[in-house]
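>>> turn this into a model:
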Amino acid sequence: MSLLLKGALIEYASDFLGPLPNVVVFQFNPLQVTRTIEVPPRPTGASSRETSQAGEVPIEKLDLTASFSAADMLASNNVLARATGIASYLAALELMANAKAAEGGLLGAAIDAVGALLGGGGGADPTQPIPREAYPRLIFIWGLTRVLPVMVTSMKITETQFDFLLNPIEAEVEIGLTVIRPDPCAKDLVAEGASIYTATAKEAMAVANLANVAGEVADLVSF
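As a prediction, this is how the structure comes out:
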């Protein structure tokens, strides 16, 4: 049986210590991921020095559609699927787009309970809530060479089938993500590490591409 890597969105605490606040692993990998790289205009007027001078840092945006289905879980008599269908997947995704929902509440209490079982924090109170950010800190994982710090910028949920309790059992979620350029002052080591890892992998692949085009370049430069 061949190995199939699945994409995922992972929310993490500021220092990645303790239980993860939220994780969504795609049931079925999206068939298409659209990447848009927006290049800001270069400086003009008095601030312009050279024709090749760059403006702000380019912004990378990702658009994908994730599909979710409770069919297999219902066939195996999964208790959660019987009770709520795929509502748990959808709720987890919605929390990643909500700036306030991650503060305390049932999810915070559940995280605190897991932290207490793990005995995290040494002699400190294990039920102390994990500090929350204005927006959840997210890592988008797509294969071995793309581990990107992102923010959810749009989400469209289309529920297509329901059970007798009107729980959604099939849905498609269109997700818009913006890749974040970590601010050194934020001291977000996870985002910085993910950015460096992905940038290094991209540079390595670009260097490897020279082997593919070496012969073609030689044909082009014949003199």
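>>> can you tell me the closest non-neighbouring residue to Ala201?
Closest residue to Ala201 in three dimensions, ignoring its sequence neighbours and counting by CB to CB, 6 or more residues apart in numbering: Thr145, at 4.0 Å. C-beta coordinates here come from the backbone N, C-alpha and C atoms, glycine included.
>>> helix, strand or coil for that neighbour?
The three-state label for Thr145, taken from DSSP: H, G, I helix; E, B strand; the rest coil, comes out as coil.
>>> ok, it touching Lys202?
Yes - at 7.2 Å, Thr145 counts as touching Lys202 under the criterion of CB atoms under 8 Å.
>>> now name the helix or strand holding the spatially most central residue of the chain.
Within the chain, one residue has its C-alpha closest to the average C-alpha position: by CA atoms, centre = their mean, that is Phe140, at 2.4 Å. Using DSSP states H and E, Phe140 sits within strand 137-141.
>>> who does the helix or strand containing Leu9 pair up with?
Per DSSP H and E, Leu9 falls inside strand 8-12. Strands flanking strand 8-12 in the sheet, each with its direction: strand 22-25 (antiparallel), strand 137-141 (antiparallel) (DSSP bridges).
>>> these two touch, right, Ala81 and Ser69?
No - if you go by CB under 8 Å, Ala81 and Ser69 don't touch, sitting 9.8 Å apart.
>>> can you work out which residues contact both of those two?
Ile169 (CB atoms under 8 Å, 6 or more residues apart in numbering).
>>> got phi/psi on the residue lying closest to Ala87 once chain neighbours are set aside?
Sequence neighbours aside, Asn167 is the residue nearest to Ala87 in space, at 5.6 Å (criterion: CB to CB, 6+ apart). Phi and psi for Asn167, reported as degrees, to the nearest 10, are phi -80, psi 140.
>>> start the count at 843, not 1, going forward
Got it, the first residue is 843 from now on, which makes the last one we talked about Asn1009.
>>> thought Asn1009 was touching Arg924?
No - applying CB under 8 Å, one finds Asn1009 not in contact with Arg924, separated by 9.1 Å.
>>> tell me which of these two has more neighbours.
Under the criterion of other CB atoms under 10 Å, the comparison of Asn1009 against Arg924 puts Asn1009 first, with 18 against 14.
>>> OK, contacts around Thr926?
Contacts here follow CB under 8 Å, 6+ apart; on that basis Thr926 touches Asn1009.
>>> on that earlier part again, so which elements touch the helix or strand following the strand holding Phe982?
Scanning the chain past strand 979-983 towards its C-terminal end, the next helix or strand to appear is strand 989-1004 (assignment: DSSP H and E). With contacts defined as 3 or more CB pairs under 8 Å, 6 or more residues apart in numbering; DSSP states H and E, strand 989-1004 has these neighbours: strand 901-911, helix 929-938, strand 979-983, strand 1010-1021, helix 1031-1062.
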